[in-house]
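K.L.:
sequence first, then the predicted structure, then my questions.
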Amino acid sequence: SANGITPRMAYDTLWIGNTRITGSGYWTTDGNGNLTASDAGNYNVAFDADTNTLTLNNATIAGQYDPTYNGSDAGIYAYSRSGSVSLTIQVTGNNMVSGNVGIYVLSNGGEVSVRISGGGSLTASGRQNGLRAFSNVSNAALTIEGTAVEASGGNYTGNAGVLVQAGKSSSGSLSVNGGSLTASGNPGISFWFGTGNNGSGTPSLTVSGNAAVDA
């Protein structure tokens, strides 16, 4: 990085497994949620704070509750109090993420954009949701490009495998371009608007390229 300074996070919290990520780096995972700092020659998780890109390389991530930084008990949790949250997840090999929510990207003050790409596979399972993209006030978008994604939620009503939640009168979008999405839960895919599921907004599901969606 420039001048030897590690770039810092563009948003308030990035929590993976049992670790708060505060800048660029490399880590290995042990399957129990523990991350150990490593280097480019040996890693399961990497983060580039310049581009907000999280690389998963045969990673097994289990969420661990933290009252300060991960109250939702998510496997991967990215959060901003006031700004937008943009996260690219680059997937290589076979990856598994679990928690109360598998992958949870949240903004209380801006747009949310999640992009999952790469030729590997990603299984995200949660007792509530497998994948949740949530903006309290604005648009929320989840895009899958060329990756085989399985997202599973819980059994209770509203425990969607994939939940895209946008602010009132905003847009919530799910796009699958190449690759595949298998979503299971109650229901498989859900769009909500407002802080509950009682607002109005514009949902969209787009499937393009050689893609398959099974929900």
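P.N.:
Cool, got the structure. Keep in mind it's a predicted model, so treat the numbers as computed, not measured. Residues are numbered from 1 along each chain as shown.

K.L.:
burial measure for the residue nearest to Gly83 when sequence neighbours are not counted, as a count.
P.N.:
Closest residue to Gly83 apart from its sequence neighbours, by Cβ to Cβ, 6 or more residues apart in numbering: Gly110 at 4.9 Å. In this view, the C-beta of every residue, glycine as well, is placed from N, C-alpha and C. If you count neighbours by other Cβ atoms under 10 Å, Gly110 ends up with 20.

K.L.:
what's the closest non-adjacent residue to the residue nearest the centre of the chain?
P.N.:
Nearest to the geometric centre of the chain sits Ile103, at 3.7 Å (Cα atoms, centre = their mean). In space, and not counting its chain neighbours, Ile103 is closest to Ile76: 4.6 Å by Cβ to Cβ, 6+ apart.

K.L.:
quick check: that neighbour touching Trp15?
P.N.:
Yes. Using Cβ atoms under 8 Å, Ile76 is in contact with Trp15, at 7.3 Å.

K.L.:
ok so, going back, and the residue nearest to Gly83, how far is that from Arg127?
P.N.:
27 Å (Cβ to Cβ, to the nearest Å).

K.L.:
same thing with Arg20?
P.N.:
Using Cβ to Cβ, we find Arg20 at a distance of 22 Å from Arg127.

K.L.:
low-confidence ranges in the chain?
P.N.:
For the chain, residues meeting the criterion pLDDT under 70 lie at 1-9, 196-197.

K.L.:
rewinding a little: the residue nearest to Ile103: neighbour count?
P.N.:
Neighbour count of Ile76, defined by other Cβ under 10 Å: 27.

K.L.:
and if you look at the one 5 residues further on?
P.N.:
Arg81: 12 surrounding residues under other Cβ under 10 Å.

K.L.:
so who does it touch?
P.N.:
Shown in contact with Arg81 (Cβ atoms under 8 Å, 6 or more residues apart in numbering): Asp12, Asn108, Gly109.
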